[in-house]
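Student: Sharing a model that was predicted from the sequence below.
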Amino acid sequence: MTITEKILAAHSGKKELSPGELINAKADLILANDITAPLAITEFKKLGAKGVFDKDRVALIPDHFAPQKDIKAAEQCKMLRDFSREYDLGLYFEVGRMGVEHALLPEQGLVVPGDLIIGADSHTCTYGGLGAFATGVGSTDVASAMATGECWFKVPESMKLIYYGKLNKWVGGKDLILHAIGDIGVDGALYRAMEFTGETIGSLPMYARLTMCNMAIEAGGKNGIIAPDGITEQYVKGRARRQYKFYSSDKDSKYVEVKEYDCSKIPLTVSCPHLPSNTKPAAELSSITIDQVVVGSCTNGRIEDLREAAEVIKGKKVHPNVRMIVIPATQQIYLQAVKEGLAEIFVNAEAVFSTPTCGPCLGGHMGILAKGERALATTNRNFVGRMGHPESEVYLSNPAVAAAAAVMGRIAVPEEV
Amino acid sequence: MKLKGRAWKFGDNVDTDAIIPARYLNTSDPKELARHVMEDADKDFPSKVKAGDLLAAGANFGCGSSREHAPIAIKAAGLQAVVAKSFARIFYRNAFNIGLPIFESDDAPDKIKEGDELEIDADKGVIRNVTKNEEYAAKPIPPFMQELISAGGLIEWTKKRLKASQPPT
Ligand code: SF4
């Protein structure tokens, strides 16, 4: 069995299972945010359940429109707070303690290797980077699971993506995943588990693994997953708040498709509007001028991402035609960035350094695009209207390329700065 | 289950931001969501769509976010069902969970033109194009999904399970 099949089997009390099977499995953690939790809460109340299945395994995180951007958003967020108080939830994160959910939960050791996690947010697949099975579901799924602790799944077929060879300078997890999505398309992994392996993945640091698994959904994947190893151990040690377990795929596991990528041939990659699969080498896009740069999100808002952007922009100024918005994904990252002097580097470069929020990533607030404006962002989606006006445009890249673009006023590679 | 209505036509990879843009997600009121359904794919759609209409689209319908607001907006706008080549997986489960009928068909999406009259026989898995006098096969709905639909969605299904697991008082 594959790692995905093993984790699903362990959580549904089965010894064996195979793709296509419908199962009911136990969840180790269930999460929802200020957009999806209100619907889940409304549905949950219809169930007539006495309480949630486990007070310490339901995480409610207001991050999308928080800090509350308007009255409606405030009312949505209040539903989370009221519900958490009513049911005495242990994992509610108020503004000041919250962060972008998929950066916050791994950082706090609340998701661990071997877990089965569902979240009413499509990027729940991020935790695959730790060797967990994690997938996005809907609000009604969460409502039902909050009562029962279980969720239905169709066991996915697995596809294997093998990465080998040395990474080029500045190329990271974001480029590896954008390159794959460009290769297989936005439905290239539809309903499938995407298992990332190979020597390059084996030496990839945790933040980059999380970035890769984060975007499995952009290829239609049910989950992304990387077998845990020494790097995983290092990351979870002293952080994990629960027992964890390392699973790995058997040698004779079955895959519907195997892809191989020579990393030495993967360039700094940018997704052009309006699909993540519309990828081009960054170096070929130097004629594309930019109005806004966003560094942040659950994809690339971790401390290492900020370090990369800061390294490129240090001592430089944001181009006069550009506004640059830097958003650390959690409070801890924010504080760390202040301590390390990264915040100072960004502010000196005349960028905005924001409190944690999803903000502009989904066109919520804190940097919305006007008609005709163009952004380069380290986020994960560039659909029509994703960051604002339906006639605005979003390009996606890694943090170093984003910082280079902020300085140059157009898409650029770090060497040009 | 038999459905009858006029079809609206969309292409491949219709994403959840096109179905219901995030700027409207500070509410989950179905009526308000319906007012903006498919707005970023066709800005006049909310005013053109009529109760009882059907939606036909290409591959990977509903890709992107997990927002249940997407199938809710479609349902609240009065659209009876969606026919597509394939559905993004979270949209697929959300649709069944909230009771929006969806049908996967390999050939129907290419053949259906906007405005065609369709008749869908869910039990037989047949989509009839009345305007063109053609028939297309829909993929069978897995037994568990049928169970969800006949229970009236996931909440009703879970309610039954919760009752069954509680000792009688
Ligand atoms: S940062 Fe963007 S992609 Fe990530 S959870 Fe927030 S809105 Fe979703």
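Tutor: Yes, it's here. Numbering: from 1, shown residues only, chains lettered A, B, ... in the order given.
Student: and the lowest-mean-pLDDT helix or strand in chain B, which residues are buried?
Tutor: Lowest on mean pLDDT, DSSP states H and E among the helices and strands of chain B sits helix B:143-151, with a mean of 83. Buried residues in helix B:143-151, counted by 16 or more other CB atoms under 10 Å in any protein chain shown: B:145, B:148-149, B:151. Yep, even glycine has a C-beta here, placed from its N, CA and C like the rest.
Student: Kindly report the same for stretch B:109-121.
Tutor: Neighbour-count burial for stretch B:109-121 [16+ other CB under 10 Å]: B:109, B:112, B:116, B:118, B:120.
Student: TSV for those residues, including pLDDT, distance to the ligand and secondary structure?
Tutor: TSV is the format used below for the buried residues of stretch B:109-121 (pLDDT from 0 to 100; distance: CB to the nearest ligand atom, whole Å; DSSP: H, G, I helix; E, B strand; the rest coil):
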residue	pLDDT	distance to the ligand	secondary structure
B:109	94	28	helix
B:112	97	33	coil
B:116	97	37	coil
B:118	97	35	strand
B:120	95	34	strand
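Student: Can you tell me which of those residues comes closest to chain A?
Tutor: residue B:109 (13.8 Å; CB to the nearest CB).
Student: residues touching the closest one, list them.
Tutor: B:56-58, B:83-85 (CB atoms under 8 Å, 6 or more residues apart in numbering or on different chains).
Student: Name the SS class of residue A:309, please.
Tutor: Recorded secondary structure, residue A:309: helix (DSSP: H, G, I helix; E, B strand; the rest coil).
Student: Correct me if wrong: it contacts residue A:398.
Tutor: No - Residue A:309 is beyond contact range of residue A:398, at 9.0 Å (criterion: CB atoms under 8 Å).
Student: which residues do the two both contact?
Tutor: Listed contacts common to residue A:309 and residue A:398 are residue A:378; contacts here mean CB under 8 Å, 6+ apart.
Student: How about the contacts made by whichever residue of chain B sits closest to the ligand?
Tutor: Relative to the ligand, the nearest point of chain B is residue B:65 (7.0 Å; CB to the nearest ligand atom). Contacts of residue B:65 were listed using CB under 8 Å, 6+ apart, and they are A:121-122, A:362, A:381, B:16-17, B:22, B:90.
Student: which of those residues are buried?
Tutor: Buried, going by 16+ other CB under 10 Å: A:121-122, A:362, A:381, B:16-17, B:22, B:90, out of the contacts of residue B:65.
Student: coming back round to it: pick the one among the contacts of residue B:65 closest to residue A:254.
Tutor: Nearest to residue A:254 among the contacts of residue B:65, counting by CB to CB, is residue B:90 at 24.6 Å.
Student: Not counting sequence-adjacent ones, nearest residue to that closest one?
Tutor: residue B:66 (4.6 Å; CB to CB, 6 or more residues apart in numbering or on different chains).
Student: Residue B:108 now?
Tutor: Leaving out its chain neighbours, residue B:108 is closest to residue B:136 (CB to CB, 6+ apart), at 3.8 Å.
Student: Now do the same contact list for the one you found.
Tutor: Going by CB under 8 Å, 6+ apart, residue B:136 touches B:105, B:107-108, B:111, B:126-127, B:129.
Student: Also residue A:201?
Tutor: With contacts defined as CB under 8 Å, 6+ apart, residue A:201 is in contact with A:163, A:209, A:212, A:226.
Student: what do you get for residue B:75?
Tutor: Listed by CB under 8 Å, 6+ apart, the contact set of residue B:75 reads B:30, B:98-100.
Student: need those in a markdown table with distance to the ligand, pLDDT and secondary structure, can you?
Tutor: Converted to a markdown table, the contacts of residue B:75 look like this (distance: CB to the nearest ligand atom, whole Å; pLDDT from 0 to 100; DSSP: H, G, I helix; E, B strand; the rest coil):
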| residue | distance to the ligand | pLDDT | secondary structure |
| --- | --- | --- | --- |
| B:30 | 22 | 94 | helix |
| B:98 | 21 | 91 | helix |
| B:99 | 26 | 88 | coil |
| B:100 | 23 | 90 | coil |
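Student: Looking at those, spot the one nearest residue A:110.
Tutor: Here the nearest of those to residue A:110, counting by CB to CB, is residue B:98; it sits at 28.4 Å.
Student: What number of residues are in the vicinity of that closest one?
Tutor: As a burial measure, residue B:98 scores 22 neighbours (other CB atoms under 10 Å in any protein chain shown).
Student: just checking, it touches residue B:71?
Tutor: Yes - between residue B:98 and residue B:71 a contact is recorded at 5.6 Å, counting by CB under 8 Å.
Student: can you confirm residue A:304 is in a helix?
Tutor: Yes - applying three-state DSSP, one finds residue A:304 inside a helix.
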